[in-house]
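Trainee: This is a predicted model, with the sequence first.
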Amino acid sequence: IYGDTNPQDDIWYHVAATYDGSDLRLYVNGDSDATPISYPGGIPTVDNSLMIGAGGSVPPSNYLSGFIDEVHVSSTARDQYWISTEYNNQSDPASFHIKGVQIDSTDTATLVANTKAINIAGDWTNSGGTFTCGSAGAVTFNGSSAQTITPDSSSFYDVEFNNSNGSINVSTDNLIIDHDVTLSADTTITATDLNITITGSTNGTTDFVEDLTLTAGTGSILFTG
């Protein structure tokens, strides 16, 4: 099989060839580089040596004028997505990304905290998933910039609001806390047109490190324990 790429001097290339039992394929830099050649029936077993970097004649000829590094021979015919990923990884590891098919999923995720602590430095967004809080282990919002909490219908057990930027915004859904609440100094929580409910159903405590300031609005803070 012959490729369409005309290699240039002093440039690194990633070359891969595959055979899946019916077609021969060639890839250069992660992309298909030639029209596949149909070769049904399998490759016959011979006693000749495998030539890499030279023609297959005996003695070998048409030597490659260059360098070859990291040769891999696999019993699996890799697809183009795998080969493209391998090329991206080797050509620029610092900015490596997966180049593959888009996967759409309609499933919902479940996160079970049990007794583990969760520290959130960014936003918390629940889009229809299930969050099960444990009876120990707090969720701490401790970002250094403004944070947004979108809880959906899930509640929290122990929560600490300790944002050094001072701004936490509750968005879209009411916030329900079942146990301890700690609001650290200089942290402001905004829940416009929403409710914050602290049930205290398990004898929790509410601790405000400094004075609590309530700003009038259409939402409410409910202590129901």
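Mentor: Cool, got the structure.
Trainee: going forward, measure contacts between C-alpha atoms and count neighbours the same way
Mentor: Noted.
Trainee: correct me, but A191 touches V170?
Mentor: Yes: if you go by Cα atoms under 8 Å, A191 and V170 touch, sitting 4.8 Å apart.
Trainee: Just say helix, strand or coil for N119.
Mentor: Three-state assignment for N119 (DSSP: H, G, I helix; E, B strand; the rest coil): strand.
Trainee: Burial check on the nearest residue to it once chain neighbours are set aside, number of neighbours?
Mentor: Distance criterion Cα to Cα, 6 or more residues apart in numbering; nearest residue to N119, sequence neighbours excluded, is T140 at 4.8 Å. T140: 19 surrounding residues under other Cα atoms under 10 Å.
Trainee: quick thing: my sequence starts at 5, can you match it?
Mentor: In the new numbering, first residue 5, that becomes T144.
Trainee: Bridged to T144, which residues?
Mentor: For T144, the beta-bridge partners under DSSP bridges are N123, E164.
Trainee: My read is that it contacts F160, right?
Mentor: No: shown here, T144 and F160 do not form a contact pair, counting by Cα under 8 Å, at 10.5 Å.
Trainee: How is this protein divided into domains?
Mentor: Domain assignment of the chain by automatic domain parsing yields the ranges 19-99, 114-227.
Trainee: Tabulate those in TSV, adding columns for distance to N10 and mean pLDDT.
Mentor: Formatted as TSV, the domains of the chain follow (distance: least, Cα to Cα, whole Å; pLDDT from 0 to 100):
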stretch	distance to N10	mean pLDDT
domain 19-99	11	86
domain 114-227	48	77
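Trainee: Take those and write them to CSV, including distance to D13.
Mentor: Listed next are the domains of the chain as CSV, based on distance: least, Cα to Cα, whole Å:
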stretch, distance to D13
domain 19-99, 9
domain 114-227, 47
